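Asks: Give the three-dimensional model of this entry:
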Amino acid sequence: MTGILHVGDWSPVAIAQYALGLGALAMMAALSIVILYGDFWRQRHRIWAVLRGRQPLYPVPQADLEAPHASASTQLRRDRSAAEPTREAA
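Replies: This is a model prediction of the structure:
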């Protein structure tokens with residue numbers, strides 16, 4: 001039987017190198033998972049706000065909000081913010 005999976009023909013050095021390579025791949029995968037999970041955990045409030053529609057995915061510049069050619073959703077957002085009572089009025 002020939003091929004890479006036939007371990008009987010491998011030398012002890014080749015087995016050690018293969019094991020080290022698999023260990024390095026496992027460590028890189030674990031580190032990537034830890035980094036991605038940490039980033040998700042730090043940003044979780046913003047992520048859930050975006051998913052629930054309470055916050056835009058990208059910040060909208062104030063000039064775009066005040067533009068006369070604003071979209072219907074921007075106009076609706078302006079109307080809602082104008083209808084909400086302010087702290088001074090309450």
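Asks: Output the below-cut-off pLDDT ranges for the protein.
Replies: Where the chain drops to pLDDT under 70, the residues are 1-8, 61, 63-72, 74, 86-90.
Asks: can you tell me the helix or strand for residue 53?
Replies: When elements are assigned from DSSP states H and E, residue 53 belongs to no helix and no strand.
Asks: In three-state terms, label the closest residue to residue 49 other than its chain neighbours for me.
Replies: Of all residues not flanking residue 49 in the chain, residue 55 sits nearest, at 3.9 Å (CB to CB, 6 or more residues apart in numbering). Any C-beta I mention is one placed from the backbone N, CA and C, and that applies to glycine too. Three-state assignment for residue 55 (DSSP: H, G, I helix; E, B strand; the rest coil): coil.
Asks: And the longest helix seen in the chain, how far out from the chain middle?
Replies: In the chain, with assignment by DSSP state H, the single longest helix is helix 12-42. Its chain's average C-alpha position is 20 Å from that of helix 12-42, according to CA atoms, centre = their mean, to the nearest Å.
Asks: and the direction of the next helix-or-strand element following that helix versus that of helix 12-42, what angle?
Replies: Later in the chain than helix 12-42, the nearest helix or strand by DSSP H and E is helix 44-51. Interaxial angle, helix 44-51 versus helix 12-42 (axes from the mean of the first three to the mean of the last three CA atoms, to 10 degrees): 70 degrees.
Asks: What sits closest to the one residue sitting closest to the centre of the chain if chain neighbours are left out?
Replies: Central residue of the chain (CA atoms, centre = their mean): residue 40, 5.9 Å from the mean position. Distances taken as CB to CB, 6+ apart place residue 47 nearest to residue 40, at 6.9 Å, with adjacent residues excluded.
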